[in-house]
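Undergrad: Next input, structure requested:
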Amino acid sequence: MYSTCYSDIASAQWWLKNELTPSTLSYPQQLEEMQWFIDAAKPYQGLQIRVVSERIATHQYEATVLAKAFYEITGIHVVHELTGEDDVIKKLSAQIMTGQNLYDAYVNDSDLIGTHFRSGNVVALSDFIQNQGKSVTLPSLDLADFIGLQFTTAPDGKLYQLPDQQFANLYWYRHDWFSNVQFRTEFKRLYGYELGVPQNWQAYEDIAEFFSVHVRRIDGRKVYGHMDYAKTDPSLGWRMSDAWLSMAGVGDKGLPNGLPVDEWGIRVEQCKPVGASVSRGGALNGPAAVYAIDKYVDWLNRFAPAESKQLNFTQAGEWPGKGVIAQQIFWYTAFVADLSQPGLPVVNSDGTPKWRVAPSPVGKYWQSGMKSGYQDTGAWTLLNNTPIDRQKAAWLYAQFVVSKTVSLKKTLVGLTPIRRSDIDSEAMTQQAPYLGGLVEFYRSRGRDVWTPTGTNVPDYPHLANFWWRHISQIVEGKITTQQGLDAFAADVDKHLLALSQHPHPCSPKLNPEKSADYWLAQPGAPKNKITSAEKGRTLPYQEAINVWR
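TA: Numbering: from 1, shown residues only. Here you go, the predicted model:
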């Protein structure tokens, strides 16, 4: 039974003892934080606020448990709505377009940082904390403890979003199968090198072929060397825009996103996007991008279950748990909790996983110094058209669910860490053997080189839709990869041109078109076609995860 009284320290004590443990804070420190929330919330007691986030385990915990705790401790009622990621963006856009205060705060992907700081519609939190929100900003918030602030800070140096949860896409594989002596011997006989964690796309392809074509069945069940999804659906867009091109090596060196060309193939000069097409210095339809999409389609057709083409992100996430998938190059760690459930074919009887996560292999255009993959950072976002009292109340709730009193327990529930102190805690050390490498990832420099969409993208809500609409045409075989990417890049340039009319120091300003040969002769992206074949390279698991350190 939950406590029924609210807005006093007794309620806080009940929650600390019965739910909000463990914590990196001592019990007296937790009480001190809760007393601050009680005092800061007094002007807003009885107020009902509305917030919205995507539907993942972390936000489910917030909506069903933490919102109730917050109400009973502060007296502020929170309606925390869960919906699809695409719908969150639609709701946020609707509030901006209509001027109506539909929600008081959004947990919105930091992929929109390039949109937010150019739009003038989003509260700059660093300004808010120093001014209007000073009285409702938690003294122990400790921004330096957050691991994702570089992803939510714009070129103007201001913080626009506060990280609430993070998860990455990594390489996932069946460690038990890769350790099988018979499989290891046969793989080396066929391919000339050791079966291990692939370091490049050629090795990934060889392993996919090995399990799909040569092993074929394990324990009487048909197995697949690759897993993916390709349903004509917005999530197909995330599958591509979430750094697939950078994993191939499409963009330039530089963190958190390539400069001057990023993982979307968009070139910027200073902070102004100047084009996505090769003819304008972009790389979205260049040889490296064609290579990236060709590999995606080829592996899907040859090595993945036939059902893959009809699956979306969520449906595909269930497949590795069936016990028939050898590896997945693009696997979101948001599924770690789901794949750690007792009784699954991929979990040992002692609760440890038969699988591991490791650094994703990279394509032949990738170079050291480039981002290595994608990390989702869902972050609290306030809009300027929300009334100030509602902004302040929502800001209190946002800070509550990421406070040190709460964050470690929330991390253990949803496995989407945001604080260094939680990652380095003894509680996470104890959980590490059951999480297949997730803790090792977040304790390494990998958390800095797996990055979200960056500030080159000036209108994420609009441009994100181009990805799945154009890529689906290629997957369905209606057009060639080059034709699809040419049309895609032209559409992006057309939209950048429209955005150039908006008065902002970082609004787009398209480069004049030049021949592809001119741009391909310049250093960096866009890059000339590489015709030489790769040799597959692998590493033992322990050496592979050391790459992160």
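
Undergrad: Show me where the stretch 51-200 of the chain has its helices.
TA: Ranges of helices in the stretch 51-200 of the chain, per DSSP state H, counting those that start in this stretch, are 57-61, 67-74, 85-98, 113-119, 125-130, 175-178, 181-191.

Undergrad: Can I get those in JSON lines including mean neighbour count?
TA: (C-beta placed from N, C-alpha, C; glycine too.) Below are the helices of the stretch 51-200 of the chain laid out as JSON lines (neighbours: other Cβ atoms under 10 Å):
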{"stretch": "helix 57-61", "mean neighbour count": "21"}
{"stretch": "helix 67-74", "mean neighbour count": "23"}
{"stretch": "helix 85-98", "mean neighbour count": "17"}
{"stretch": "helix 113-119", "mean neighbour count": "25"}
{"stretch": "helix 125-130", "mean neighbour count": "17"}
{"stretch": "helix 175-178", "mean neighbour count": "18"}
{"stretch": "helix 181-191", "mean neighbour count": "14"}
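
Undergrad: who wins for proximity to residue 515 among these?
TA: helix 113-119 (28.5 Å; Cβ to Cβ).

Undergrad: what does the closest one rub up against?
TA: Outside helix 113-119, the residues within contact range by Cβ atoms under 8 Å, 6 or more residues apart in numbering are 96, 122, 124, 151-156, 158, 160-161, 381, 452-461, 502, 504, 506-507.

Undergrad: And the helices of the stretch 51-200 of the chain: which comes nearest residue 545?
TA: Proximity to residue 545 (Cβ to Cβ) singles out helix 175-178 among the helices of the stretch 51-200 of the chain, at 11.5 Å.

Undergrad: Tell me which other helices or strands the closest one touches.
TA: With contacts taken as 3 or more Cβ pairs under 8 Å, 6 or more residues apart in numbering; DSSP states H and E, helix 175-178 sits against strand 355-358.

Undergrad: about what we covered before: let's see the PyMOL selection covering just the buried ones among the contacts of helix 113-119.
TA: Filtering these down to the buried ones (16 or more other Cβ atoms under 10 Å) takes a single PyMOL command:
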select buried, resi 96+122+124+151+152+153+154+155+158+160+161+381+452+453+454+455+456+457+458+459+460+506+507
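
Undergrad: quick one: residue 228 from residue 133, how far?
TA: 43 Å (Cβ to Cβ, to the nearest Å).

Undergrad: Ok, residue 534 next?
TA: Using Cβ to Cβ, one obtains 52 Å as the distance from residue 534 to residue 133.

Undergrad: okay, these two: which has more neighbours?
TA: Between residue 534 and residue 133, counted using other Cβ atoms under 10 Å, the more crowded position is residue 133 (19 against 14).

Undergrad: The closest residue to the more buried one other than its chain neighbours is in what secondary structure piece?
TA: Nearest residue to residue 133, sequence neighbours excluded (Cβ to Cβ, 6 or more residues apart in numbering): residue 395, at 5.6 Å. Following DSSP states H and E, one finds residue 395 within helix 388-402.

Undergrad: If you count neighbours, what's buried in that helix?
TA: 390-402.

Undergrad: So which of the helices of the stretch 51-200 of the chain is nearest residue 498?
TA: Among the helices of the stretch 51-200 of the chain, helix 113-119 sits nearest to residue 498 (Cβ to Cβ), with 13.4 Å.

Undergrad: so how far is the closest one from its chain's centroid?
TA: 18 Å (Cα atoms, centre = their mean, to the nearest Å).

Undergrad: No further queries at this time; thank you.
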